[in-house]
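**Student:** Pasting the sequence and the predicted model now:
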Amino acid sequence: MPRTPDRLRLLHAHVDQLRQCRACPDMIGPVVSGRPVLSPVMLVGQAPGNREGPAGKPFAWTAGKTMFGWFAQLGVDEEGFRSRVYMAAVCRCFPGKGAKGGDRVPSPEEIARCGVHLAAEVALVRPRLVVPVGKLAIAQLLPDAAQLVDVVGAVHRVTWHGHACDVLPLPHPSGASTWHRTEPGKTLLARALARLGQHEAWGAIRDAGPRALAAAEARA
Ligand code: SF4
């Protein structure tokens with residue numbers, strides 16, 4: 001297993017390479033990636049929208065505002081989150097619009113292709129806690145989950161890409177979704193956020209500055 005400085009160097013190299021990926025002909029670039037940070041927490045989004053590419057960062061628009069508001073309630077503001085959590089996604093490019101005007105759902109082939117990047121990140125970051133946001137992301141970690149009510153609000157233990165970790169699913173914070181603003185979603189979201197705030201990996205990113213976090217990771 002590579003030492004922490006080597007893992008960090010490899011993660012930087014990985015993100016540089018990821019940004020050059022043009023493997024999917026129907027995806028619209030640029031590739032959107034979070035910062036190359038070794039963290040006990042990995043967030044997995046679905047796919048960027050049309051605003052994230054120009055902004056050069058994931059969750060750059062209204063859904064992000066809602067999501068970072070949830071995390072701020074747990075003591076980590078947006079900048080702290082971006083600098084201390086590895087932000088991945090099921091697909092890293094904008095899929096374009098679907099027939100009904102919403103964002104196109106990535107195809108199984110695109111998910112599998114981009115999954116190669118995810119697998120590499122899991123091996124390098126080795127997160128203790130993974131937070132998938134939205135159904136498509138949740139399905140990668142909890143493929144047997146039939147619906148959100150079955151999994152949101154609980155911590156699940158899984159082995160993902162050969163790595164054992166806790167999973168704490170969250171609903172997508174999109175303004176187009178009413179799930180998290182109506183019952184039972186509202187209560188389940190509150191329960192999920194409470195569990196997130198209590199998780200030791202969340203405590204590590206909340207309480208530690210980036211330098212202390214790197215030292216903690218070196219000991220892990
Ligand atoms: S979606 Fe993923 S695999 Fe496809 S081009 Fe973008 S980065 Fe590459």
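**Tutor:** Yep, that arrived.
**Student:** near the ligand, which residues of the chain show up?
**Tutor:** Selection of the chain residues close to the ligand by C-beta under 6 Å from any ligand atom yields 21, 22, 23, 24, 27, 31, 91, 92, 93, 110, 113, 114. From N, CA and C alone the C-beta is placed, and that goes for glycine too.
**Student:** okay, the fifth one: pLDDT?
**Tutor:** Going back to what we said before, that points to residue 27. pLDDT, residue 27: 98.
**Student:** nearest spatial neighbour of it, skipping sequence neighbours?
**Tutor:** Take residue 27 and drop its neighbours on the chain: the residue closest to it by C-beta to C-beta, 6 or more residues apart in numbering is residue 93, 3.7 Å away.
**Student:** The second one too?
**Tutor:** Using C-beta to C-beta, 6+ apart and skipping the chain neighbours, the partner closest in space to residue 22 is residue 29 (6.9 Å).
**Student:** what comes up buried for the helix or strand harbouring residue 14?
**Tutor:** In the assignment (DSSP states H and E), residue 14 maps to helix 4-18. Residues of helix 4-18 classed as buried: 7, 8, 10, 11, 14, 15, 18 (neighbour count, 16 or more other C-beta atoms under 10 Å).
**Student:** Closest one to residue 149 out of those, please.
**Tutor:** residue 18 (33.7 Å; C-beta to C-beta).
**Student:** quick revisit: need the buried residues of helix 4-18 in TSV with pLDDT and distance to residue 166, can you?
**Tutor:** What follows is the buried residues of helix 4-18, written out as TSV (pLDDT from 0 to 100; distance: C-beta to C-beta, whole Å):
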residue	pLDDT	distance to residue 166
7	94	20
8	95	23
10	97	24
11	97	21
14	98	23
15	98	24
18	98	25
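**Student:** Now flag whichever of these is closest to residue 125.
**Tutor:** Taking the buried residues of helix 4-18 together and measuring to residue 125 by C-beta to C-beta, the closest member is residue 11, at 6.9 Å.
**Student:** sorry, back to before: could you list every helix and strand that the helix holding residue 14 packs against?
**Tutor:** With contacts taken as 3 or more C-beta pairs under 8 Å, 6 or more residues apart in numbering; DSSP states H and E, helix 4-18 sits against helix 108-125, helix 210-219.
**Student:** mind listing what's buried in the longest one?
**Tutor:** Using 16+ other C-beta under 10 Å as the test for burial, helix 108-125 gives 110, 111, 113, 114, 117, 118, 120, 121, 122, 123, 124, 125.
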